[in-house]
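S.K.: Could you look at this predicted model? Sequence included:
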Amino acid sequence: MRLLRRFPMVLASGGLLCLLSGLSALLSQWLDTGRNFAQLWLVFSVPGMVLLALWGDRHLGRLRKHLNVDTTTGLASRVWFEQRLAEECARAQRDVQPVSVVVLQVHVDHPADENRILAAVGEHLLNTVRQGETVSRIADNRLALIAINCDAQQAELLRQRVQGHLENLRVQGGQGRLLSFHWIIHLLAPEKSTMGTDYFRQRLRTL
């Protein structure tokens, strides 16, 4: 009776050993020549490389998105601003069209409120921009707007519009208290569209 009870286990063990022996023989046969070894390497490596590429693309996309967004405010980042500014300056030189930059320097009374205030100010400014224009955070307390096809006169009108929108802005903190802040608006509007990114970078350093 004990032998009969163990018969299925013995049979299964024997089948497993036969399977392993068959795989071992097949693997040995494949490894007899360098050509078969190369084939075996391709069988296992190609799917692995495909999976690695898919994994890399997904994480590279996440990294690119992380670099383009300021995580504390949700606005575009300084990296995005630099890339977009270079693109718009190149377009301005090619098409002989003006480009300007409006910089908003925000001062808060309490540093702990800075991120909340900048996020609210940035969201408020999004209502003043045209299609294709985005507000970005370029420093701890600075927001910037690249105004495409915008000369010095139009940039001044944009500054006035931004000023009017900000005067009506109220930012609430904890327990409904209003957060205190003030701002300064700088206009960076080159006289010629051929001046390029060097003009803007130099002006940003002097603010």
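M.R.: Ah, there it is. Numbering: from 1, shown residues only.
S.K.: Give me the contact list for the helix or strand harbouring Val121.
M.R.: According to DSSP states H and E, Val121 maps onto helix 114-125. Contact with helix 114-125 is made by 72-75, 104, 106, 108, 135, 137, 140-141, 143, 145, 162, 165-166, 169, 171, 173, 179, 181, 183, as judged by C-beta atoms under 8 Å, 6 or more residues apart in numbering. All C-beta atoms are positioned from the backbone trio N, CA, C, and that covers glycine.
S.K.: try 10 Å
M.R.: The contact list for helix 114-125 (C-beta atoms under 10 Å, 6 or more residues apart in numbering) reads 70-76, 102, 104, 106-110, 113, 133-137, 140-143, 145, 161-162, 165-166, 168-174, 179-181, 183.
S.K.: For that helix, which residues meet the burial criterion?
M.R.: Residues of helix 114-125 classed as buried by neighbour count (16 or more other C-beta atoms under 10 Å): Glu114, Asn115, Arg116, Ile117, Leu118, Ala119, Ala120, Val121, Gly122, His124, Leu125.
S.K.: As CSV, could you dump the C-alpha coordinates of that helix?
M.R.: The C-alpha coordinates for helix 114-125 follow below in CSV (Å, rounded to 0.1, in the frame of the first residue of the first chain):
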residue,chain,number,x,y,z
GLU,A,114,6.7,81.5,-0.6
ASN,A,115,5.7,78.3,-2.5
ARG,A,116,2.0,78.8,-1.8
ILE,A,117,2.1,82.4,-3.0
LEU,A,118,4.2,81.7,-6.1
ALA,A,119,1.8,78.9,-7.1
ALA,A,120,-1.2,81.2,-6.7
VAL,A,121,0.5,84.0,-8.6
GLY,A,122,1.5,81.7,-11.4
GLU,A,123,-1.9,80.2,-11.7
HIS,A,124,-3.4,83.7,-11.7
LEU,A,125,-1.0,84.8,-14.5
